[in-house]
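[1] below: sequence and its predicted model.
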Amino acid sequence: MGKKKPTFEEALRELESIAGQIEEGKIGLEESIVKYEQGMTLVKQCRAILSKAEQKIQKLQERSDGSLQTAPFTPERE
């Protein structure tokens, strides 16, 4: 059986841990490269989770007759 994918929060905590280890310089170059690769995998997983969440989010819009309908959520650009 394969290891289950981490939740968004678990992946984020692991990314923070990896970044801290690399920034502290307490691990060697080769281990830093391995940790970097692990971090990139976690980043991809986080992006996939966020993408799925965005697809699920919908906003309610009021029709001219007063009834409500759902529409895809699109964030306002600043």
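    Done, it's in. Residues are numbered from 1 along each chain as shown.
[2] going forward, measure contacts between C-alpha atoms and count neighbours the same way
    Fine.
[3] help me confirm that residue 69 is found in a helix?
    No. Counting by DSSP: H, G, I helix; E, B strand; the rest coil, residue 69 is not found in a helix; it is strand.
[4] quick check, pLDDT for it.
    Taken from the predicted model, the pLDDT recorded for residue 69 is 77.
[5] which residues does it bridge with?
    According to DSSP bridges, the residues that bridge with residue 69 are residue 61.
[6] numbering from 424 from now on, please.
    Shifting the count to begin at 424 puts that one at residue 492.
[7] count the neighbours of it for me.
    Using other CA atoms under 10 Å, residue 492 has 11 other residues around it.
[8] name the element the residue of the chain most remote from its centre belongs to?
    Taking CA atoms, centre = their mean as the measure, the residue most remote from the mean C-alpha position of the chain is residue 488, 38.6 Å away. Under the assignment given by DSSP states H and E, residue 488 is not contained in any helix or strand.
[9] just the pLDDT at it, thanks.
    Listed pLDDT for residue 488 reads 84.
[10] the chain: strands as residue ranges?
    If DSSP state E is used as the criterion, the strands of the chain fall at 481-485, 491-495.
[11] the last one packs against which elements?
    By that I understand strand 491-495. strand 481-485 (3 or more CA pairs under 8 Å, 6 or more residues apart in numbering; DSSP states H and E).
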